[in-house]
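# the amino acid sequence is not available; the structure is as follows:
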């Protein structure tokens, strides 16, 4: 992974550079799935959090839970979720845009005063494509995408996952290195300048 490659992971489609990592322990809650899938998702989140040497907790003192994952089969179903419109600004307009784009996933981040991630809301519509994806693959993909504020186009063409052995999926080594380096205590919790990518790239392979 080169400096240019790292920079691309956090450069948004409007050309701006935006990086953020979690500034507090992660407390996940998953809605709309069976118990078996719930355990798969929590296991994937725990694996990525452990990779980053970050922390999970039973509760967030401010929000209770700060990583909320909602599954649905149609975006309109989310309009019936109590208080979701209070958690996500412009909620009705967002659902309309997702419906028009026929999107199957969306992430909304909230940030603290230092710019670090304080909450994340993950919306997943199980269309035909996602229904064909194994639960382990979907869970790991979502876990890595909520762990950092990636570019809105970071994984549109290339998956962050790799298939190894008998269909088992793992994070690609270069993506795992970026996650580890991003959570190095000497690195800032948030950055808006591309010079951050140079510092991040310099730590790849050293953050173990």
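Received it, and whenever you're ready, just let me know what you need. Computed from a prediction, not measured in an experiment: that's the story for all the values here.

# helices or strands up against the longest strand seen in the chain?
The longest strand of the chain (DSSP state E) is strand 117-125. Using 3 or more C-beta pairs under 8 Å, 6 or more residues apart in numbering; DSSP states H and E, the elements in contact with strand 117-125 are strand 67-72, strand 105-111, helix 135-147. Using the backbone N, CA and C atoms, a C-beta is placed for each residue, glycine as well.

# my guess is residue 197 contacts residue 2, does it?
No - using C-beta atoms under 8 Å, residue 197 makes no contact with residue 2, being 9.7 Å away.

# neighbour count: those two, which is higher?
Neighbour totals were compared for residue 197 and residue 2, and residue 197 leads with 23 against 11 (other C-beta atoms under 10 Å).

# look up how far residue 96 lies from the more buried one.
35 Å (C-beta to C-beta, to the nearest Å).

# ditto for residue 44
Residue 44 is 30 Å from residue 96, by C-beta to C-beta.

# of the two, which one has the most company?
Applying other C-beta under 10 Å to residue 44 and residue 96 shows that residue 44 carries more neighbours, namely 22 against 13.

# so who does the residue nearest to that one when sequence neighbours are not counted touch?
The spatial neighbour of residue 44 that comes closest, neighbours along the chain excluded (C-beta to C-beta, 6 or more residues apart in numbering), is residue 139 at 3.7 Å. Neighbouring residues of residue 139 by C-beta atoms under 8 Å, 6 or more residues apart in numbering: 37, 40-41, 43-45.

# between the two ends of stretch 58-66, how far is it?
11 Å (C-alpha to C-alpha, to the nearest Å).

# contact partners of it?
In contact with stretch 58-66 (C-beta under 8 Å, 6+ apart) are residues 24-29, 118-120.

# thinking again about what came up before, any idea how far the residue nearest to residue 44 is from residue 39?
For residue 139, the distance to residue 39 (C-beta to C-beta) stands at 10 Å.

# helix/strand/coil for the residue located most distally from the centre of the chain?
Distance from the C-alpha centroid of the chain peaks at residue 166, with 26.0 Å (C-alpha atoms, centre = their mean). Secondary structure, DSSP: H, G, I helix; E, B strand; the rest coil: residue 166 is coil.
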